[in-house]
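Engineer: sequence and predicted structure, then a few things I'm wondering about:
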Amino acid sequence: MGLLLDSAELDDVVAAGGLGFVGGVTTNPTLLRQVTDEPVKHVAELLGASEFPDFYYQPTGFRGELIDEALEVWTLAPERIVVKVPATPGGAVLASRLVARGVRVSLTAAQAAGAMVVAEAVGCASVIPYVDRAWRDPRIGNDLVRSLVGVRRGATLVVAASVKNVGQLTQAFVDGADSVTAPLSVLEQVLKHPAGLEAEEAFAGEYGG
């Protein structure tokens, strides 16, 4: 199981690196738009500011063809970059072209079990379901992660995204997710259960008096 940071903020990436349990970063065009007009340049800065082994990037379309942008970012750190493409017919075509070039690819917005079937057929490394969106969408419901895991036959990972609190984060793992990506504010709360903090305080006081 793994925990990833969902952010394009440089300060968030640095802070997540200091938590000790975060293994990667996911971004998307919306997050990047909030902080930069030059997404490729910004990603290079984020890569340089961290040692995370996995960095998920979704082409923004800011500079011509999506495949050209995807390959430009991938060449920044081929061993670290995972390119996200939408789980749509057009996304599947793009994914197959990228996989053929040796790029690790993830189908994002995988809001139906069929996305896993296509991802495995194409050779994608992972799928990314949007958990909170699924819970709020009557067409999907709260069993999205379980349905993706249920049809998996190979090694394609399920990276749950769009989690708004620790409850959704832990439930995604209960449902079978391999990794979960969350904002820094959620990651910082994972180990802040009152009972755990009370125990820490009690132990600290044993020899502190």
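Structural biologist: All right, it came through fine. Residues are numbered from 1 along each chain as shown.
Engineer: my guess is residue 183 meets residue 6, correct?
Structural biologist: Yes. In terms of Cβ atoms under 8 Å, residue 183 counts as a neighbour of residue 6; the distance is 5.5 Å. Quick note: C-beta positions are derived from backbone N, CA and C, even for glycine.
Engineer: more neighbours: which of those two?
Structural biologist: residue 6 (22 against 16; other Cβ atoms under 10 Å).
Engineer: return the distance of the more buried one relative to residue 164.
Structural biologist: Distance of residue 6 to residue 164, computed by Cβ to Cβ, to the nearest Å: 11 Å.
Engineer: cool, residue 90 as well?
Structural biologist: Separation of residue 90 from residue 164 (Cβ to Cβ): 29 Å.
Engineer: for residue 179, same thing?
Structural biologist: Distance, residue 179 to residue 164, by Cβ to Cβ: 17 Å.
Engineer: with neighbour numbers in mind, choose between the two.
Structural biologist: The residue with more neighbours, out of residue 179 and residue 164, is residue 179; 21 against 15, by other Cβ under 10 Å.
Engineer: quick check: closest non-adjacent residue to the more buried one.
Structural biologist: residue 2 (3.9 Å; Cβ to Cβ, 6 or more residues apart in numbering).
Engineer: confidence score at that neighbour?
Structural biologist: For residue 2, the pLDDT comes out at 95.
Engineer: which residues sit in contact with it?
Structural biologist: By Cβ atoms under 8 Å, 6 or more residues apart in numbering, the contact set of residue 2 is 23-24, 178-180.
Engineer: of these - the most surrounded one?
Structural biologist: Greatest neighbour count in those, by other Cβ under 10 Å, goes to residue 180: 27 neighbours.
Engineer: tell me which element that residue is part of?
Structural biologist: Using DSSP states H and E, residue 180 sits in strand 179-182.
Engineer: after that strand, which helix or strand is next?
Structural biologist: helix 184-187.
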